[in-house]
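> need a 3D model of the following:
(one chain, ligands or ions: 2)
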Amino acid sequence: MRRIAFINEKGGTCKTTLAVNLGAWLAREKGKKVLVVDLDTQGHCGKSLGVDVRQASRTVLDLLVSPEVSVPDVALSTALPNLWLVPSNKSAADFPLLVASHPDRERKLEQKLSALEGYDFVLLDSPPSTGLVTTNIFLAADEIVVPVALTYLALDGCAEVLGTVQRMQEQYGKADLAVTMVVPTLYRRTALAEEILAKLRSYFPETLCKTALGFNVKIDEAQSHGRTIWEYAPKSKGAEMLEAIARELLVRGEKRRKVSAA
Ligand SMILES: Nc1ncnc2c1ncn2[C@@H]1O[C@H](COP(=O)(O)OP(=O)(O)OP(=O)(O)O)[C@@H](O)[C@H]1O
Ligand SMILES: [Mg+2]
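Numbering: from 1, shown residues only. Ligands and ions are numbered 1, 2, ... in the order given. Model (predicted):
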C-alpha cells in the first residue's frame, strides 16, 4: 500500500485536483483500490467528487479523535468503483483543540492508517497550512508529492515542504519518507513560468515531474460540477496532462519499490 501525501502549505497549488484526479485514474484505469483522505476543513475532495460533505454523519475528525472509529466506519464510496473517500468539513478545525492534551496527538492519523488493509493507494490531501494536521500527515505518509504552482511565490512553499521532510526524517526517525515527485502546476507560457520551471529543473533534477499541469479550464469546470476530469471531459487537454502525471506517479512508485527491495 502506497501512502502518498499531497502537500504544499501555499494555497491553490492543485493539491486537491491531483489527489482526486490521480486517485480516480488509478481506480478507473488501473483497477487499484484507492482511498482519498481529505484532511482540509474546506472539504474540497468531497466537493470535487460530488459528495455533500456538510451532510456527512462521520468525517475525518471522528477518525482522528475517536479511538473506536476506524477507516471503514468513515469511508464513503464514490460514483467511481474502487474509489473511496474519507470526507472532511469545517468540524475538522476542532482537531488540535480536542487532542491538545494527548501525548500521541501527532500520530493519530498514522495509528489509524497503520492498521488499514485492502487498499493499494491512500492519498492524503493536505490543507494550505502547517500545524498539527500536517505533522500527522507527514508521519502517516511514506511518500510526498509537492504540487508547485508556477507563480511568483511558488518556490517558497516548496522549500518549506522540503525543510519539513528533512525535519521529519531527523526528528521523528522517518528515514524512508521521500519526496516522490514535484509537480509544476498552473503552467502558462509566460517568461516568469519558464523561469520558475527552469529553477525547479535545477533544484529537482530527479523528482521533477516531466509533465507540467498546464492551465485548462475543463479541470476547474469538472470540480465545479463535482466530477473528476475522467467523467466530465475525458478527451480534454486537462485529462491528457493529468493522465501523464498519474502514469509517472505509478512508475515512480514501482521504481522506488525496486530500489528498496534491492
Ligand atoms: N490545470 C488547471 N487549470 C485550471 N484550473 C485549475 C487547474 N488545476 C486546478 N485548477 C483550479 O485551481 C483551483 C485550485 O486548485 P486546488 O483546489 O486543487 O488547489 P489546492 O492546492 O488544493 O488549494 P488549497 O490550498 O485551497 O487546498 C481550483 O479552483 C481548481 O479547480
Ligand atoms: Mg485543496
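> what stretches of the stretch 51-200 of the chain score poorly on pLDDT?
Within the stretch 51-200 of the chain, no range satisfies pLDDT under 70.
> for ligand 1, what is the nearest residue in it?
Proximity of the stretch 51-200 of the chain to ligand 1 (Cβ to the nearest ligand atom) peaks at residue 128, 3.2 Å away. For glycine as for every other residue, the C-beta is placed from the backbone atoms N, C-alpha and C.
> what about the residue of the chain found nearest ligand 2, how many neighbours?
Distances from the chain to ligand 2, computed as Cβ to the ion, single out residue 16 as the nearest residue at 3.3 Å. Look at residue 16: counted by other Cβ atoms under 10 Å, it has 25 neighbours.
> that one: what's it in contact with?
6, 40, 44, 45, 48, 125, 223 (Cβ atoms under 8 Å, 6 or more residues apart in numbering).
> before we move on, what about residue 150?
Counting by Cβ under 8 Å, 6+ apart, residue 150 makes contact with 184, 185, 186, 187, 188, 192, 193, 196, 197, 212.
> for ligand 1, tell me which of the residues you listed show up nearby.
If you filter the contacts of residue 150 for contact with ligand 1, counting by Cβ under 6 Å from any ligand atom, you are left with residue 186.
> who in the stretch 151-262 of the chain is up against ligand 1?
With Cβ under 6 Å from any ligand atom as the criterion, the stretch 151-262 of the chain comes near ligand 1 at residues 186, 213, 215, 216, 217, 219, 220, 223, 238.
> of those residues, grab the buried ones for ChimeraX.
Restricted to buried positions by 16 or more other Cβ atoms under 10 Å, the ChimeraX selection for those reads:
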select :186,213,215,216,219,223,238
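> next step: the residues of the stretch 151-262 of the chain next to ligand 1 restricted to helices.
Among these, the residues falling in helices (DSSP state H) are 217, 219, 220, 223, 238.
> ok, now how distant is the third one from residue 150?
Yep, that's residue 220 we're talking about. 16 Å (Cβ to Cβ, to the nearest Å).
> now swap in the second one and tell me
Residue 219 sits 15 Å away from residue 150, going by Cβ to Cβ.
> and residue 248, by the same measure?
Applying Cβ to Cβ, one obtains 18 Å for the distance of residue 248 from residue 150.
> right, and residue 188 touches residue 215 too?
Yes. Here residue 188 lies in contact with residue 215, judged by Cβ atoms under 8 Å, at a distance of 5.1 Å.
> quick one: the strands in this structure?
2-6, 34-38, 76-77, 83-86, 121-125, 143-149, 178-187, 213-214 (DSSP state E).
> got the ones you listed as a markdown table, with distance to residue 243 columns?
As requested, the strands of the chain are exported to a markdown table (distance: least, Cβ to Cβ, whole Å):
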| stretch | distance to residue 243 |
| --- | --- |
| strand 2-6 | 17 |
| strand 34-38 | 15 |
| strand 76-77 | 23 |
| strand 83-86 | 16 |
| strand 121-125 | 16 |
| strand 143-149 | 16 |
| strand 178-187 | 13 |
| strand 213-214 | 11 |
